[in-house]
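**Student:** Sequence plus predicted model, see below.
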Amino acid sequence: MSTEADKVVASAAAELGDRVTTEITRYQIEVRTDPHTSLTDLADQLRETRDAVARAAAGFGLRIISSGTPVLGQHMPTPISPGPRYAQSLARFRALDDEQSACACHVHIGVPDETTALLLSNHLRPWLPVLIALTANSPYWNAQDTGYASWRTMTWCRWPVAGPPPYFESRAHFQDLVDSLTHAGALIDRGGLYWDIRPSHHVPTLEVPDRRRRAHRRRHRAAR
């Protein structure tokens, strides 16, 4: 399994700038789009971005694959990218990071404020089973067919703050809960909220992580 994401990112950044970056593991690449109001424009930019990353990977004898979990097997422990926050996460969560191979595509929905984001979260909660079923694409784990359409969902729920979010009575209720989880050690910070729907901690959006894809790199080779 390749750990050369930093090289691919550096190469792709010549075309994409900061819309391509590394992720928590050293075999993942994260790509981003600009904000869009047109689905056609968004789709066009997604294709352009993926094409650019694919070309960069090919320059190192690699390919990218969009999958919720690794297809050909898993390296243990997972190689973690450098950085103080990743090191803090590894020290606190240990084996959860050792097995961190889940990937996703995050959709950010623009909202005027956090209160609106929480109201939308409340209304989206009943639809989560449908959304998860529609976005399932991770039947494989450790080179085996798990028998599940979304094995990522099964593994991701082990994290302390994952799965469906609670129903929020108010913005104060949300903040009190985040403070309690942080004080208890279940969170490092708000960036560790892994609920299926959550207000973004850095942009004015409601973040909906679907379970389909983020890019893994593989060397050119025949399937085993």
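**Tutor:** Right, received. Where do you want to start? Residues are numbered from 1 along each chain as shown.
**Student:** give me the element residue 109 is part of.
**Tutor:** Using DSSP states H and E, residue 109 maps to strand 105-110.
**Student:** which residues in the chain form strands?
**Tutor:** 20-22, 28-31, 62-66, 105-110, 140-141, 144-145, 162-163, 194-195, 198-199, 205-210, 215-219 (DSSP state E).
**Student:** in its sheet, what does the fourth one sit against?
**Tutor:** Here the strand partners of strand 105-110, with direction, are listed using DSSP bridges: strand 205-210 (antiparallel).
**Student:** what distance separates the partner strand from the centre of its chain?
**Tutor:** 10 Å (C-alpha atoms, centre = their mean, to the nearest Å).
**Student:** Run through who's touching it.
**Tutor:** The contact list for strand 205-210 (C-beta atoms under 8 Å, 6 or more residues apart in numbering) reads 104-111, 117, 120-121, 124, 131-132, 134-135, 194, 196-200. Every C-beta, even on glycine, is put in place using the N, C-alpha and C of the backbone.
**Student:** Need the winner for burial among the strands of the chain.
**Tutor:** Comparing the strands of the chain by mean neighbour count (mean count of other C-beta atoms under 10 Å), strand 198-199 ranks first with a mean of 24.
**Student:** Who does that strand pair with, and is each partner parallel or antiparallel?
**Tutor:** Strand pairing (DSSP bridges) places strand 198-199 next to strand 205-210 (antiparallel).
**Student:** mean confidence score for the partner strand?
**Tutor:** Per-residue pLDDT over strand 205-210 has a mean of 86.
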